[in-house]
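Q: need the 3D shape of this:
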Amino acid sequence: MIIIDKSSFISPKENVYIKEGVSLDQKIFRYTNLSNLLMILGSKKETNGQLFVSRKSSFSDKKEKEFYAVLRCLASRFSPVSEKEPDSISEEREENGKENAEIREACKLCTSCWTYKDKEDYLMWKAYSNTESGLRIGTTVRKLVCALDAGSYEIYGAKIAYGKGIPCQNVLDSMFNKAIFYEQEKEFRLYINDSQEERNAERPIRLNINPQVFIEEITLSPFMGGVGAKVMKDMLSSSYPYLKDKIQLSQIMEYK
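A: The predicted structure follows:
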């Protein structure tokens, strides 16, 4: 596992660490699709489903890649060479080299992205769930933590910090910082800290999760036709009775 400083995190559950200052009652939402929801819901005969978590290295955004993460941290650490003794410079370079290696590894971690923007967002629907089978799952940090089985992994959760002037000097900074133009996403992010072998294999992770514990609401995509939305709602309510009063239609567009 990557060595991560836990001093600024609380641990509401074994192997789960949430950044200090994040309320466990904070509402969070995930824009996704029907296939991922069905994986979460699992078999009707079983209590648990699975949360599919992709590798950060597979994200389409180039600024999530390791090159940019290391570059940001290098810029934050920069100081005039003339101010330091040669031995000090050598030690600093060695330390920075180790830190950069850890940052590169952190860019390979499996990452689950949520938003704490409670109102529906048309652009987020388009970006993250632009299909007729799209949906938005709503829960709280507490319920998500309670429902997840970390197993042999460590899970780290925090809100993303946005801005140009935010220090980015270590692994944690690189994990939870993004450029200012992403600010409207209001992202809450989970990282799954796994083994070097698993990171090298670059496969996604499936975490066991109890859907009855964490799902508070499901909003169906505004791009779904009226008939399709009603069929989807009836199908989910019939197959999973505990969802009956939790499924709602999007308020963004009228269903025809």
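Q: which strands and helices sit next to the host helix or strand of Ile40?
A: For Ile40, the host element (DSSP states H and E) is helix 34-41. With contacts defined as 3 or more C-beta pairs under 8 Å, 6 or more residues apart in numbering; DSSP states H and E, helix 34-41 has these neighbours: strand 49-55, strand 134-140. (Glycine included, C-beta is placed from N, CA and C.)
Q: just checking, Glu183 touches Tyr162?
A: Yes: assessed by C-beta atoms under 8 Å, Glu183 is found in contact with Tyr162 at 4.2 Å.
Q: wait, Lys178 touches Ile160, no?
A: Yes: if you go by C-beta under 8 Å, Lys178 and Ile160 touch, sitting 5.1 Å apart.
Q: what do the two both touch?
A: Counting by C-beta atoms under 8 Å, 6 or more residues apart in numbering, the contacts common to Lys178 and Ile160 are Glu185, Glu187.
Q: ranges for the strands of the stretch 151-256 of the chain?
A: For the stretch 151-256 of the chain, the strands defined by DSSP state E, counting those that start in this stretch cover 154-159, 161-162, 177-178, 187-193, 205-209, 217-220, 247-249.
Q: rewinding a little: is it possible to get a markdown table of the helices and strands packed on helix 34-41 that adds distance to Ile3 and mean pLDDT?
A: Formatted as a markdown table, the helices and strands packed on helix 34-41 follow (distance: least, C-beta to C-beta, whole Å; pLDDT from 0 to 100):
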| stretch | distance to Ile3 | mean pLDDT |
| --- | --- | --- |
| strand 49-55 | 19 | 96 |
| strand 134-140 | 29 | 97 |
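Q: relative to Glu202, how far out is Asp149?
A: 23 Å (C-beta to C-beta, to the nearest Å).
Q: neighbour count: the two, which is higher?
A: Between Asp149 and Glu202, Asp149 has the larger neighbour count (other C-beta atoms under 10 Å), namely 16 against 11.
Q: nearest residue to the more buried one in space, please, no chain neighbours.
A: In space, Asp149 comes closest to Asn208 once its chain neighbours are excluded; the distance is 4.0 Å by C-beta to C-beta, 6 or more residues apart in numbering.
Q: so where's the stretch 1-150 of the chain uncertain?
A: Counting by pLDDT under 70, the ranges of the stretch 1-150 of the chain that qualify are 62-96.
Q: can you show me the strands along it?
A: Under DSSP E, counting those that start in this stretch, the stretch 1-150 of the chain gives strands at 9-13, 16-19, 27-33, 49-55, 110-115, 134-140.
Q: out of these, nearest to Met232?
A: Met232 lies closest, by C-beta to C-beta, to one member of those: strand 134-140, at 8.2 Å.
Q: so which bits of that closest one are buried?
A: Gly134, Leu135, Arg136, Ile137, Gly138, Thr139, Thr140 (16 or more other C-beta atoms under 10 Å).
Q: follow-up on the earlier one: save the strands of the stretch 151-256 of the chain as JSON lines, and put in distance to Tyr116, mean neighbour count and mean pLDDT too.
A: Output for the strands of the stretch 151-256 of the chain, formatted as JSON lines (distance: least, C-beta to C-beta, whole Å; neighbours: other C-beta atoms under 10 Å; pLDDT from 0 to 100):
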{"stretch": "strand 154-159", "distance to Tyr116": "7", "mean neighbour count": "21", "mean pLDDT": "98"}
{"stretch": "strand 161-162", "distance to Tyr116": "13", "mean neighbour count": "16", "mean pLDDT": "92"}
{"stretch": "strand 177-178", "distance to Tyr116": "14", "mean neighbour count": "18", "mean pLDDT": "88"}
{"stretch": "strand 187-193", "distance to Tyr116": "5", "mean neighbour count": "22", "mean pLDDT": "98"}
{"stretch": "strand 205-209", "distance to Tyr116": "19", "mean neighbour count": "19", "mean pLDDT": "97"}
{"stretch": "strand 217-220", "distance to Tyr116": "14", "mean neighbour count": "20", "mean pLDDT": "97"}
{"stretch": "strand 247-249", "distance to Tyr116": "19", "mean neighbour count": "17", "mean pLDDT": "95"}
